[in-house]
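Enquirer: sequence and predicted structure are below.
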Amino acid sequence: MRRVVVLYNILQWLGLIVVAPLLFVKSILTPRHRGRIGLRLGIGLARQLGPRRAGPCIWVHALSVGEVSSSRALVRALRESYPAATLILSATTRSGLIYARETLGETADAVIPFPYDFHWSVRRALTLVQPDLFLLVETDFWPNFLSQLASRHIPALLVNGRISAAAFRSYRRFRFLFTPLFNSFRLLSMQTEGDAEQMRQLGVAAQRVESLGNLKYAALPAPVSDQELRRRFAIPAAKRVWVAGSTHAGEETVLFAVFAKLIERFPDLFLILAPRDVARAGALLDEAHSLGLKAGLRSAPGLPGANLLLVDTLGELASLYALAEVAFVGGSLVPERGHNPLEPAALAKPVLFGPHMEDFAEIGRDLLACGAAAMVQDEATISARLSAWLADPEAGHKAGEQGRKLIAERQQGVVARYLATVERLLPKEKA
């Protein structure tokens, strides 16, 4: 591990000498970076942390929105099981921080940006937080951070670990770098036994790897009444809703084209589209209008006669799936590795997604196998499958129920297994 960190820091310094001025200017000028730079360097972090509780300090880190979502059930269970613990939640991306504050701000004692992986900024962050246990959700491996955890004898637990085929190829190609990082964890808890076996193939000590199940099955929203959602989003009761969630550039044009044709056959159809990057909603509104669609923004509801709502707010997609007759999960028609299909499936909604579901490969396969989802490729296949479920609502409802049944079976015990592992890893005098 030491050799890896030394080499990493040498390369880091060489890179900084070349690109530091450009990065500085970009950070200052880019809103998503501005305001977090100082905190990520440790400046002003003490004020963010606030007072420490009497019990242990548990630091949970989630890279972005998806990882924060995965961690919700576990963070809430940690608060319930360790009421005297100081819970620190961090995220790397701006959207992840916003979502963490909205969904877990009252559960965690502090929500902070993850430090830049410079030796001095990591050292300052760890000195200020003083965690007794560090939980990394799914991914975001940084050599300096993991090395300093190990040197301070702070146990690190990988939570809900996963390895895609592409990631496994990279890890294997650069095994000299990644295997020491993985071996620095006290335990790597993987989503599936297949993920665990891949870790062992990379040379990770067998006693450091286990499969505890997928926390995404336990991180699902409580349902909201259809009537309340329709009132909140100004959607007429007579409309049947198609929800397209977490869409990326290259997908919306296809979805708009499908919708424009389908409303001729199904005039009661209403599309709710939530782009992954909500800042793109304004441009998408212009595109929808150029196609003759009657579209409005979530932040300005109530457009008379609208049949398309673009969601330009964060944290609402999961509840919106409750309105859907059919859901489409984005990041999958284009190579963006897919997003979580469990949120609509847990609400008994039939799901469509494209071929690029690398980050949810096992979940996607399970939903396809039980008939709860369909894979689509393009405008024609989306239109065909969506038309079939709209024309035969009973078939869609049966497909949705298969998804709900699958999830109910998988949910049992996941959080409890993680809590047992946390109890095992916390220093005995702090547990």
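Expert: Looks like it came in fine. Numbering: from 1, shown residues only.
Enquirer: from Ala388, how far off is Leu426?
Expert: 52 Å (Cβ to Cβ, to the nearest Å). Glycine gets a C-beta too; all of them are placed from N, C-alpha and C.
Enquirer: more crowded one of the two?
Expert: More neighbours surround Leu426 than the other of Leu426 and Ala388, with 19 against 14 (other Cβ atoms under 10 Å).
Enquirer: and the pLDDT at that one?
Expert: Per-residue pLDDT puts Leu426 at 94.
Enquirer: could you do Pro83 as well?
Expert: pLDDT at Pro83 comes out at 96.
Enquirer: could you do the one 5 residues further on as well?
Expert: Reading off the per-residue confidence, Ile88 sits at a pLDDT of 98.
Enquirer: got any ranges where the stretch 151-300 of the chain has weak pLDDT?
Expert: Within the stretch 151-300 of the chain, the set of residues satisfying pLDDT under 70 comprises 221-223.
Enquirer: could you rerun that using 80?
Expert: Low-confidence segments of the stretch 151-300 of the chain, defined by pLDDT under 80: 219-225.
Enquirer: and the closest residue in space to Ser189 that isn't next to it in sequence, what does it touch?
Expert: Excluding its sequence neighbours, the residue lying closest to Ser189 (Cβ to Cβ, 6 or more residues apart in numbering) is Leu212, at 4.5 Å. Taking Cβ atoms under 8 Å, 6 or more residues apart in numbering as the criterion, Leu212 is in contact with Ser189, Met190, Val414, Arg417, Tyr418, Thr421.
Enquirer: of those residues, which belong to helices?
Expert: Val414, Arg417, Tyr418, Thr421 (DSSP state H).
Enquirer: what comes up buried for stretch 164-182?
Expert: In terms of neighbour count (16 or more other Cβ atoms under 10 Å), stretch 164-182 has its buried residues at Ser164, Ala167, Tyr171, Leu177, Phe178, Thr179, Pro180, Leu181, Phe182.
Enquirer: how long is that stretch from one end to the other?
Expert: 16 Å (Cα to Cα, to the nearest Å).
Enquirer: what comes into contact with it?
Expert: By Cβ under 8 Å, 6+ apart, stretch 164-182 touches 1, 3-4, 8, 141, 143, 146, 158, 163, 188, 198-199, 201-204, 208, 337, 358-359, 361.
Enquirer: how many other residues sit next to Pro427?
Expert: Counted with other Cβ under 10 Å, Pro427 comes out at 12.
Enquirer: what's the nearest residue to it if we skip its chain neighbours?
Expert: Asp132 is the one closest to Pro427 (Cβ to Cβ, 6+ apart), at 5.7 Å.
Enquirer: so who does that neighbour touch?
Expert: Asp132 sits in contact with Pro56, Cys57, Ile58, Ile154, Leu426, Pro427, Lys430, where contact means Cβ under 8 Å, 6+ apart.
Enquirer: from the residues you listed, pick the one nearest Phe266.
Expert: Ile58 (49.6 Å; Cβ to Cβ).
Enquirer: buried stuff in the host helix or strand of that closest one?
Expert: For Ile58, the host element (DSSP states H and E) is strand 57-62. Buried positions in strand 57-62, judged by neighbour count with 16+ other Cβ under 10 Å: Cys57, Ile58, Trp59, Val60, His61, Ala62.
Enquirer: of all the residues you listed, which comes closest to Asp226?
Expert: Ala62 (30.4 Å).
Enquirer: wait, that closest one sits on Ala100?
Expert: Yes: if you go by Cβ atoms under 8 Å, Ala62 and Ala100 touch, sitting 6.9 Å apart.
Enquirer: what touches both of the two?
Expert: Val68, Leu89, Ala91.
Enquirer: tell me the domain boundaries of this structure?
Expert: When the chain is parsed with automatic domain parsing, its domains come out as 2-218, 226-411.
Enquirer: hang on, the earlier thing: which of the buried residues of stretch 164-182 sit farthest apart?
Expert: Every pair of the buried residues of stretch 164-182 checked by Cβ to Cβ; the farthest is Ser164 and Pro180, at 20.9 Å.
Enquirer: how much space between Ala372 and Leu347?
Expert: On the measure of Cβ to Cβ, Ala372 and Leu347 end up 11 Å apart.
Enquirer: revised request: answer the last question for Gly396.
Expert: 13 Å.
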